[in-house]
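**Student:** coords please:
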Amino acid sequence: MANENGNGAGDANQQGPSLNTLVQYIKDFSFENPNAPRSLSGQQQQGPQIGLQVNVTANALGDTEFEAVLTLEGKATVGNDTLFAFELSYAGVFRILGVPQEQLHAVVMIDCPRLLFPFARQIVADAVRNGGFPPLYIDPIDFAALYRQRLEELQNQQPPAGTPAS
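**Tutor:** Numbering: from 1, shown residues only. A predicted model of the protein is given here:
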């Protein structure tokens, strides 16, 4: 019976692709509230401008294990005053099996951060709330579109001009 439902050890080569999260962790985190308590008075005439940068990096840890790091960096400002700023590097180690080599990079750079994002989003929301502000709930991120955009940027970069031969 174990072989029929995919739980048997003999099925390892016959199973389809799999992506397993082995561990998730905060790699680096900072939250700044530089103008407190003045910034917490709630007397701002206008809502804050919120900027967010997203980056994904990855490292191969072996043939089937990869570390993916999702970095969220943000700042809320009113005029020239910073209300708060944060930077979070949230990482996970993933085991990826049965994925063709030509698709592996996309899986690591799209699916792994997609799995990390809800946890990173909650860490940021809690930190902003604990900093004295309403929680900041970051909108969902389309990691596939981000991946395509980065590939396009890399393809459009011109190689550096070669130096003339002496």
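**Student:** So for the top strand by length along the chain, mean pLDDT?
**Tutor:** Ranked by number of residues, the top strand in the chain under DSSP state E is strand 81-97. The average of the pLDDT scores along strand 81-97 is 96.
**Student:** which residues are contacting the next helix or strand after it?
**Tutor:** The first helix or strand that comes after strand 81-97 along the chain, using DSSP states H and E, is helix 101-106. Contacts to helix 101-106, defined as CB atoms under 8 Å, 6 or more residues apart in numbering, come from residues 96, 147. The C-beta positions use only the backbone N, C-alpha and C, and glycine is treated the same way.
**Student:** rewinding a little: spell out which strands sit alongside the longest strand of the chain in the sheet and which way each one runs.
**Tutor:** Here strand 81-97 is paired, per DSSP bridges, with strand 18-32 (antiparallel), strand 65-78 (antiparallel).
**Student:** Now it: buried residues?
**Tutor:** 82-94, 96 (16 or more other CB atoms under 10 Å).
**Student:** How about stretch 125-136?
**Tutor:** 127-128, 131, 133, 136.
**Student:** Specify the beta-bridge partners of the residue most central in space within the chain.
**Tutor:** What sits nearest the mean C-alpha location of the chain, by CA atoms, centre = their mean, is L70, with 2.3 Å. Beta-bridge pairing of L70, defined through DSSP bridges, involves V56, Y90.
**Student:** Can I get the buried residues of strand 81-97 in JSON lines including distance to E32?
**Tutor:** Listed next are those as JSON lines, based on distance: CB to CB, whole Å:
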{"residue": "T82", "distance to E32": "8"}
{"residue": "L83", "distance to E32": "10"}
{"residue": "F84", "distance to E32": "6"}
{"residue": "A85", "distance to E32": "5"}
{"residue": "F86", "distance to E32": "7"}
{"residue": "E87", "distance to E32": "9"}
{"residue": "L88", "distance to E32": "12"}
{"residue": "S89", "distance to E32": "15"}
{"residue": "Y90", "distance to E32": "18"}
{"residue": "A91", "distance to E32": "21"}
{"residue": "G92", "distance to E32": "25"}
{"residue": "V93", "distance to E32": "29"}
{"residue": "F94", "distance to E32": "31"}
{"residue": "I96", "distance to E32": "36"}
